[in-house]
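Chemist: Kindly return the folded structure for what I paste below:
(2 chains)
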Protein chains: 2
Amino acid sequence: MPESFGARLEAVFDSFGQLCVGIDPHPYLLDEWQIADTAVGVRDFGLRVIDATAGKAGIVKPQVAFFERHGSEGFRALEDVMAAARQAGLLVIADAKRGDLGTSVEAYGQAWLTPGSPLEADAMTISPYLGVGSIEAPMQLAESAGKGLFVLAATSNPEARWLQSAILADGRTVAASIVGDVVGWNRGRAGTAGSIGLVLGATVNFAEFGIDLESAAGTPVLAPGFGHQGARYDELASIYGASAPWAIVSASRSILQAGPHGIAEAVALQAGEVRACRE
Amino acid sequence: MPESFGARLEAVFDSFGQLCVGIDPHPYLLDEWQIADTAVGVRDFGLRVIDATAGKAGIVKPQVAFFERHGSEGFRALEDVMAAARQAGLLVIADAKRGDLGTSVEAYGQAWLTPGSPLEADAMTISPYLGVGSIEAPMQLAESAGKGLFVLAATSNPEARWLQSAILADGRTVAASIVGDVVGWNRGRAGTAGSIGLVLGATVNFAEFGIDLESAAGTPVLAPGFGHQGARYDELASIYGASAPWAIVSASRSILQAGPHGIAEAVALQAGEVRACRE
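Modeler: The predicted structure is shown next:
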């Protein structure tokens, strides 16, 4: 068995702390960076973010949509960016938010989580709209390949509350039920941190959703919502409680807006700020 | 303004009827077709399905996951397959089930629905897990570009009932609320069929979800669940009621299993069966 994603994540946390740098080649950021909005441009942007991050933080999260805009050439760029990141020792979380059923969702898992596949990442984000039961194949694939999966549960955008707080037949909210399923999955397996994680936005009121963060200790949490979206790093413990030590603190715009010349300093500074919250 | 997707869909229905042929290069189907499970193989498979379909049915639906398995080369294959389909006069629904928020979901819309983009399709499927509000940008993009969007509402897999039948603050189910939002969107716009559609599986008990199909007349419905999944073509009217004339009857395995030599005949036969249900 390969080393589990959870164990690899804990090692990265020990070396670099919990900051994850988003690789989001928005057209407007490319413009600010004076990089063309082309497949070559998004590749260049991604490689520069990796250069700036390696040795200062341990995790990157490319937003697949901005590569997909450029079609197969954009995916070629993403392959290069992810390979360079992994070569530099960074953990790569592909923010793909895929979701389907049966052999289709299995194929998505294979695309991103199979060792040696062109789009190989260390973990990917996945959507449970077709049921948590629909994503069991990629959950199993992740476990067996030493990879990770982050299931969307309660996201940081206000227009998501409508669905994610809907009440199931058993009285729980959609989001709380997903948290329970993923935590239960990890409990049955891991000695260290689990390999199946959750996306729980930092601006979410977890009590309102009936989400029990105490029970989720040990389950990795991908935590967007810091910086531009409103949460501050020094609120990490108060927001995530018992889950705070397993939170991957994701920042994109607040780092990327430093531009190509300022980004290395911004990563170093913010990685230090996030580490300081842990001590 | 370009001709709307809804108007184009109605023209295709008039010429060829309501059958949509899935392009699903499953590894096991490739094996049956004696085609290698490579990027070259999935391209070959896709082009053969198009050859067999052109002139006999009007719509194809490539399942993106099976191309994504092969990384950027798989996407290059998909670009070739979609371009060939559009050149042959087929409407292409990219079954991508993308979903995200803000500029990311906008980028997914741009990737698949922008005229001239490498991955240009006529329509795509999209997931509302981050809220129907989160997908407004691609909805607007689709309208302005003469493209279509199919929002997952009630899918055909049993493990989805859990979430899709959850009860919202206003008392409706998740699925019924999505149906209401999409129908409302179309009502404000279209003279002909709407351009924003719904995914409503043929094996779903719509009454149980509180879905009012009478109100949905004129909204395109992507209808999986026929053939291998259990519904029969002659049940089209009884399943979809007032929405039946706008249902895109999707069949994959039941056609593709005919193999490379039998598929043209299978498409002609099944397209005729679906047309017969309309008369």
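
Chemist: C-alpha only now, for contacts and for neighbours.
Modeler: OK.

Chemist: In contact with the residue of chain A positioned farthest from its centre, which residues?
Modeler: Distance from the centre of chain A peaks at A:Ala169, with 29.5 Å (C-alpha atoms, centre = their mean). Taking C-alpha atoms under 8 Å, 6 or more residues apart in numbering or on different chains, we find A:Ala169 in contact with B:162, B:166.

Chemist: can you confirm it is in a helix?
Modeler: No - with DSSP: H, G, I helix; E, B strand; the rest coil as the criterion, A:Ala169 is assigned coil and is not in a helix.

Chemist: Show the pLDDT at it.
Modeler: We have a pLDDT of 92 for A:Ala169.

Chemist: gap between it and B:Ala166?
Modeler: Applying C-alpha to C-alpha, to the nearest Å, the value for A:Ala169 to B:Ala166 is 7 Å.

Chemist: swap in A:Leu222?
Modeler: 25 Å.

Chemist: what residue ranges in the stretch 101-250 of chain A score low on pLDDT?
Modeler: By pLDDT under 70, the low-scoring segments of the stretch 101-250 of chain A are A:190-191.

Chemist: Which residues are in contact with A:Lys61?
Modeler: Contacts of A:Lys61 by C-alpha under 8 Å, 6+ apart are A:20-23, A:92-95, A:250.

Chemist: Repeat the analysis, applying 6 Å as the threshold.
Modeler: A:22-23, A:92-94 (C-alpha atoms under 6 Å, 6 or more residues apart in numbering or on different chains).

Chemist: How about A:Glu208?
Modeler: Counting by C-alpha under 6 Å, 6+ apart, A:Glu208 has no contacts.

Chemist: Please repeat the previous calculation with a cut-off of 10 Å.
Modeler: A:165, A:173, A:176 (C-alpha atoms under 10 Å, 6 or more residues apart in numbering or on different chains).

Chemist: How about A:Glu32?
Modeler: A:Glu32 neighbours (C-alpha under 10 Å, 6+ apart): A:26, A:256-260.

Chemist: Excluding sequence neighbours, find me the nearest residue to A:Ile50.
Modeler: For A:Ile50, ignoring the flanking residues on the chain, the nearest one in space by C-alpha to C-alpha, 6 or more residues apart in numbering or on different chains is A:Ala85 at 6.0 Å.

Chemist: The host helix or strand of the one you found packs against which elements?
Modeler: Using DSSP states H and E, A:Ala85 sits within helix A:71-87. If contacts are counted by 3 or more C-alpha pairs under 10 Å, 6 or more residues apart in numbering or on different chains; DSSP states H and E, helix A:71-87 sits against helix A:39-53, strand A:59-62, helix A:64-68, strand A:91-98, helix B:71-87.

Chemist: any chance of these in a markdown table, with distance to B:Pro118 too?
Modeler: A markdown table is the format used below for the helices and strands packed on helix A:71-87 (distance: least, C-alpha to C-alpha, whole Å):
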| stretch | distance to B:Pro118 |
| --- | --- |
| helix A:39-53 | 11 |
| strand A:59-62 | 20 |
| helix A:64-68 | 10 |
| strand A:91-98 | 19 |
| helix B:71-87 | 6 |
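
Chemist: Please enumerate the strands of chain A.
Modeler: A:19-23, A:59-62, A:91-98, A:123-126, A:148-154, A:196-200, A:221-223, A:247-251 (DSSP state E).

Chemist: Quick check: neighbours of the fifth one in the sheet, parallel or antiparallel?
Modeler: This points to strand A:148-154. strand A:123-126 (parallel), strand A:196-200 (parallel) (DSSP bridges).

Chemist: I'd like those strands written out as CSV, with distance to A:Ala231 added.
Modeler: Output for the strands paired with strand A:148-154, formatted as CSV (distance: least, C-alpha to C-alpha, whole Å):
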stretch, distance to A:Ala231
strand A:123-126, 21
strand A:196-200, 13
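
Chemist: Quick one, which of those strands gets closest to B:Ala154.
Modeler: Ranking those by proximity to B:Ala154 (C-alpha to C-alpha) places strand A:123-126 first, at 18.6 Å.

Chemist: Using CSV, write down the CA coordinates of the closest one.
Modeler: The C-alpha atoms that make up strand A:123-126 are tabulated as CSV, following Å, rounded to 0.1, in the frame of the first residue of the first chain:
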residue,chain,number,x,y,z
ALA,A,123,-6.3,14.9,-4.4
MET,A,124,-9.4,16.4,-6.1
THR,A,125,-12.6,18.1,-5.1
ILE,A,126,-15.9,16.3,-5.9
